[in-house]
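[1] this one's structure only:
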């Protein structure tokens, strides 16, 4: 008989014997299983309660989120994108995500509002705020070229803590793009009203909602 086969049989017999011994011991000491099950249930309940409390606290913090314009000016461009994402989440867009970066095709933040509309947001941060360079038509042309055809946006928005040129405003109006300039951004970030209450001529809801 092959030595390896003999060793295999010995290992199998030993394993089976061990399992049988453990099962017999547990059957003779059934209260150990009961105690272990109770501990497992209590531990699971404790973990779940902690998770619920953490989620509730995060929701409270999110609802209380406020930014002043000076705070927003002090952010980096990436931090500004995260701030816009967090404000959308504060307003009820649970799926809001920051997607800006190389190859973002004009979208820095995407979100779905409680009325089912898909938001595509391009962020333009200016370190010097309103004293920085103004956002012009070229930036808006990029957003217009991708916001609906590529990202399937219902509401296509440019958000800046700076200024927007008049030709840029004219182009945005022609193309049904929405602008959040420094004034609107300040009102949105420092208040409790969602962005869709501050903008005009938004598309109709995609689905019924308590807000409709």
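    Okay, I see it. Because the structure is a prediction, the values reported are computed rather than measured.
[2] Can you name the helix or strand that residue 95 falls in?
    Assigned by DSSP states H and E, residue 95 belongs to no helix or strand.
[3] Pull the contacting residues for it.
    110-112 (CB atoms under 8 Å, 6 or more residues apart in numbering). Where you see a C-beta, it was placed from the backbone N, CA and C, and this is true even at glycine.
[4] The same query, at a cut-off of 7 Å, please.
    For residue 95, the contact set (CB atoms under 7 Å, 6 or more residues apart in numbering) comprises 111-112.
[5] And it, how far from residue 110?
    Counting by CB to CB, to the nearest Å, the separation of residue 95 from residue 110 is 8 Å.
[6] ditto for residue 97
    Applying CB to CB to residue 97 and residue 110 gives a distance of 6 Å.
[7] higher neighbour count, those two?
    The residue with more neighbours, out of residue 97 and residue 110, is residue 110; 22 against 11, by other CB atoms under 10 Å.
[8] Show me what the more buried one bridges to in the sheet.
    In this structure, residue 110 bridges to residue 97, residue 120 when assessed by DSSP bridges.
[9] That one contacts residue 100, correct?
    No - contact criterion CB atoms under 7 Å: residue 110 and residue 100 do not qualify, at 9.9 Å.
[10] burial measure for the residue lying closest to residue 158 once chain neighbours are set aside, as a count.
    Closest residue to residue 158 apart from its sequence neighbours, by CB to CB, 6 or more residues apart in numbering: residue 122 at 5.0 Å. Neighbours of residue 122 under the rule other CB under 10 Å: 27.
[11] same deal with the one 10 residues further on?
    As a burial measure, residue 132 scores 16 neighbours (other CB under 10 Å).
[12] List the residues that contact it.
    Applying CB under 7 Å, 6+ apart, one finds that residue 132 lies in contact with 126, 162.
[13] pLDDT wise, what is residue 55 at?
    Looking at residue 55, its pLDDT stands at 51.
[14] My error: substitute residue 6 in the last question.
    pLDDT for residue 6: 70.
[15] starting at the chain centroid, how far to the one helix or strand it maps to?
    Residue 6 is part of helix 3-28, with elements assigned from DSSP H and E. Distance of helix 3-28 from its chain centroid, counting by CA atoms, centre = their mean, to the nearest Å, is 51 Å.
[16] now the helices for the protein?
    Ranges of helices within the chain are 3-28, 30-63, 69-73, 77-90, 137-146, 166-174, 182-190, based on DSSP state H.
[17] any idea which of those helices is most buried?
    Looking across the helices of the chain with neighbours counted as mean count of other CB atoms under 10 Å, the highest average goes to helix 77-90: a mean of 20.
[18] Off-centre distance for stretch 159-177?
    Averaging C-alpha positions (CA atoms, centre = their mean) puts stretch 159-177 26 Å from its chain's average.
[19] Name the spans of this protein whose pLDDT lies under the cut-off.
    Residue ranges of the chain with pLDDT under 70: 1-2, 7, 32-33, 48-64, 102-104, 207-212.
[20] and the chain, what are its domains?
    In terms of domains, the chain is parsed into 3-62, 69-197 (source: automatic domain parsing).
[21] what about the first one, distance to the chain center?
    What separates the centre of domain 3-62 from the centre of its chain is 35 Å, taken as CA atoms, centre = their mean.
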